[in-house]
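Chemist: Fold the following for me, if possible:
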Amino acid sequence: MALALISGLSRIGEDVVDAPLQVLRTLPALALVPLFILWFGIGETPKVLLVALGATFPIYLNLHKGIRSIDPKLVEMASTLGLSRWQTIRDVFLPGALPDFLTGLRYAVGVSWLMLVVAEQVNAESGIGHMMMDAQDFLRTDIILVGLLVYGVLGLISDQIVRFLESALLSWRPDGRKGRTA
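Modeler: Residues are numbered from 1 along each chain as shown. Presented below is the predicted three-dimensional model:
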């Protein structure tokens, strides 16, 4: 989030932050698994770092876009009202970029599940992914399907949590569904 603020709020910040992040973003994250195992060993640390890496880019890209999409008239109004730079960030940029941040968060949750599945299949001694890999060795399609179902349900639950946050945090926005008829 801090990187998106830095690159979204200033051209110098964008020049310093955005290019290296775009290089990292274009690397296939799943191809980093062997490197993470070498650097961090087998255990929870590489899994957590892979999930964090996968979640970083959707949030960064959407928040950066949200910050850059703020109406310049709102920034001018904040200046006219005498708001400091910090107050303008807190009261104009962050609330204005919140819908884009939440969109990025929803996408990041899905990517996180993908990264966790891969990390558990390659680098784990337990977990659903590990169970599915063992099932593959014994041709147990039923266990693999149950694992996929569990991942699907967990993904749906986590998406619903973010959607609930979205409706709570964006309650000030008009809901596009209210005026519709069935």
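Chemist: can we go C-alpha only for contacts and neighbour counts from here?
Modeler: OK.
Chemist: Pull up the gap between the residue nearest the centre of the chain and Met115, please.
Modeler: Within the chain, the residue whose C-alpha comes closest to the C-alpha centroid is Ala108; the distance, by Cα atoms, centre = their mean, is 2.6 Å. Here the distance between Ala108 and Met115 works out to 10 Å (Cα to Cα, to the nearest Å).
Chemist: who touches both of these two?
Modeler: Common contacts of Ala108 and Met115 (Cα atoms under 8 Å, 6 or more residues apart in numbering): Gly54.
Chemist: check contacts around Met1.
Modeler: Applying Cα under 8 Å, 6+ apart, one finds that Met1 lies in contact with Ile59, Tyr60, Leu63.
Chemist: Isn't Thr88 up against Ala78?
Modeler: Yes: with contact defined as Cα atoms under 8 Å, Thr88 reaches Ala78; the gap is 6.1 Å.
Chemist: picking that back up, averaged pLDDT, the helix or strand where the residue nearest to the centre of the chain lies. What do you get?
Modeler: Assignment of secondary structure by DSSP states H and E places Ala108 within helix 94-122. Here helix 94-122 scores 89 as its mean pLDDT.
Chemist: other SSEs contacting that helix?
Modeler: Using 3 or more Cα pairs under 8 Å, 6 or more residues apart in numbering; DSSP states H and E as the contact criterion, the neighbours of helix 94-122 among helices and strands are helix 44-68, helix 128-137, helix 141-169.
Chemist: okay, the angle between it and helix 128-137?
Modeler: 30 degrees (axes from the mean of the first three to the mean of the last three Cα atoms, to 10 degrees).
Chemist: now helix 94-122 against helix 141-169, angle please.
Modeler: Orientation of helix 94-122 against helix 141-169 (the same axes, to 10 degrees) gives an angle of 170 degrees.
Chemist: quick one: buried residues of helix 94-122?
Modeler: 94-122 (16 or more other Cα atoms under 10 Å).
Chemist: Just want the angle from it to helix 44-68.
Modeler: 150 degrees.
Chemist: List of residues touching whichever strand or helix holds Leu21?
Modeler: Leu21 is located in helix 11-26, with elements delineated by DSSP H and E. Applying Cα under 8 Å, 6+ apart, the contact partners of helix 11-26 are Leu3, Ile6, Ser7, Gly8, Phe57.
Chemist: quick one: average confidence on the following helix or strand past it?
Modeler: The element immediately downstream of helix 11-26 (helix or strand, assigned by DSSP H and E) is helix 33-40. Regarding helix 33-40, the rounded mean pLDDT is 86.
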